[in-house]
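Novice: okay, sequence plus prediction incoming.
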Amino acid sequence: MNKEVIDQNGHPNLLGRATRDKLKTPPYGEWFNKNYDSYAVDSVLADQLRPKLAGYRMLIFMGTWCGDSRREVPRFLKLMDCCGVDPSAIEIVTVSNTDSLYKQSPAHEERGYDIFRVPSIIILDKRREMGRIVESPVASLEKDLLAVLSGAPYAPHYQGGAFLASLLRKEKTATLQEQLPELIEKLRPLVSSPGELNSYARTLAASGQPQKAQFVKDLNARLYPGQ
């Protein structure tokens with residue numbers, strides 16, 4: 001818990017399970033406390049969320065090196081506080097940005113969750129995923145969470161990577177190679193930029209899946225030739 005490592009530039013980062021108390025202390029507190037205190041929770045939507053959150057668990061994957069995590073995680077925790085969510089229902093896992101452990105933690109709590117962008121805030125009903133907010137909310141934290149808990153249509157950012165992750169769990173890359181033209185056409189409207197699939201490929205490579213990583217890189221090259 002609260003393991004601290006020093007990156008190649010001499011900056012401290014957390015790696016693995018972490019507590020909010022640790023995030024509130026220097027040097028992490030410099031951004032955590034600022035973003036927590038400055039966030040104005042939508043109290044009307046918080047009132048609607050409060051009864052819906054009962055019984056759910058929140059699993060947060062973040063990087064203390066990541067600007068999006070530094071911004072969104074303190075805001076989300078403030079929203080949870082305003083909704084009266086017990087801190088014990090919220091688990092925080094900090095992941096690495098190094099090539100060998102990219103978007104992973106030492107105990108690999110990320111396995112099975114397809115984490116390739118952080119923060120990823122996952123809402124769980126026991127072990128079943130109800131939905132997630134990826135990197136940043138689509139509308140707002142309150143509106144996105146309300147959509148997830150109400151069963152309303154909701155799609156987080158980076159649908160291309162999520163779609164591919166789902167396919168690669170079910171199919172072998174050789175099978176998908178045979179469906180390449182159709183797959184590219186399905187992916188085209190879902191992928192937002194070359195960086196989306198590059199990030200996913202890097203995650204696959206770091207987790208010891210080089211064949212899948214190369215397949216995703218090749219797909220990305222078809223979608224964005226010359227980049």
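Specialist: Sure thing, it's come through.
Novice: pull out the buried positions in stretch 39-47.
Specialist: 39, 41-42, 45-46 (16 or more other CB atoms under 10 Å). (Glycine included, C-beta is placed from N, CA and C.)
Novice: so how far does that stretch reach from one end to the other?
Specialist: 16 Å (CA to CA, to the nearest Å).
Novice: so this protein: which segments form each domain?
Specialist: 4-150, 159-223 (automatic domain parsing).
Novice: which of these has the lowest average pLDDT?
Specialist: For the domains of the chain, mean pLDDT drops lowest on domain 159-223, to a mean of 93.
Novice: and that one, end to end?
Specialist: 15 Å.
Novice: centre of the chain versus it, how much separation?
Specialist: Distance, stretch centre to chain centre, for domain 159-223: 17 Å (CA atoms, centre = their mean, to the nearest Å).
Novice: in the longest helix anywhere in the chain, what counts as buried?
Specialist: Longest helix in the chain, counting residues (DSSP state H): helix 67-82. By neighbour count on 16+ other CB under 10 Å, the buried set for helix 67-82 is 69-80, 82.
Novice: neighbours of residue 18, just the number please.
Specialist: 22 (other CB atoms under 10 Å).
Novice: partners of it in the sheet?
Specialist: residue 92 (DSSP bridges).
Novice: that one touches residue 2, doesn't it?
Specialist: Yes - counting by CB atoms under 8 Å, residue 18 does reach residue 2; the two are 5.5 Å apart.
Novice: show me what contacts the residue nearest the centre of the chain?
Specialist: A centroid search over the chain (CA atoms, centre = their mean) returns residue 120, at 2.0 Å, as the residue closest to the centre. By CB atoms under 8 Å, 6 or more residues apart in numbering, residue 120 lies in contact with 60-61, 113, 132-135.
Novice: what does residue 134 give?
Specialist: With CB under 8 Å, 6+ apart, residue 134 has these contacts: 117, 119-121, 156-158, 162.
Novice: excluding its backbone neighbours, what's nearest residue 14?
Specialist: residue 94 (4.2 Å; CB to CB, 6 or more residues apart in numbering).
Novice: sorry, back to before: how about the contacts of residue 120, which pair is most distant?
Specialist: 113 and 135 (14.4 Å; CB to CB).
Novice: quick one: secondary structure of residue 222?
Specialist: Here residue 222 takes the helix state, with states given by DSSP: H, G, I helix; E, B strand; the rest coil.
Novice: name the nearest residue to it, sequence neighbours excluded.
Specialist: residue 184 (5.4 Å).
Novice: what segments of this structure are strands?
Specialist: Ranges of strands in the chain, per DSSP state E, are 4-6, 12-14, 16-18, 57-62, 90-94, 120-125, 128-134.
Novice: go through the last one and flag the buried ones.
Specialist: What that stands for is strand 128-134. 131-134.
Novice: returning to that earlier point: determine which two of the buried residues of stretch 39-47 are furthest apart.
Specialist: Once CB to CB is applied, the buried residues of stretch 39-47 give 39 and 45 as the farthest pair, at 13.2 Å.
Novice: show me the helices in the chain, by range?
Specialist: Taking DSSP H, the helices of the chain run over residues 20-23, 29-38, 43-52, 67-82, 141-150, 159-170, 173-177, 180-187, 194-206, 210-223.
Novice: using TSV, lay out those together with distance to residue 89.
Specialist: Below are the helices of the chain laid out as TSV (distance: least, CB to CB, whole Å):
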stretch	distance to residue 89
helix 20-23	12
helix 29-38	18
helix 43-52	13
helix 67-82	8
helix 141-150	14
helix 159-170	24
helix 173-177	38
helix 180-187	35
helix 194-206	27
helix 210-223	33
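Novice: brilliant, that's me finished.
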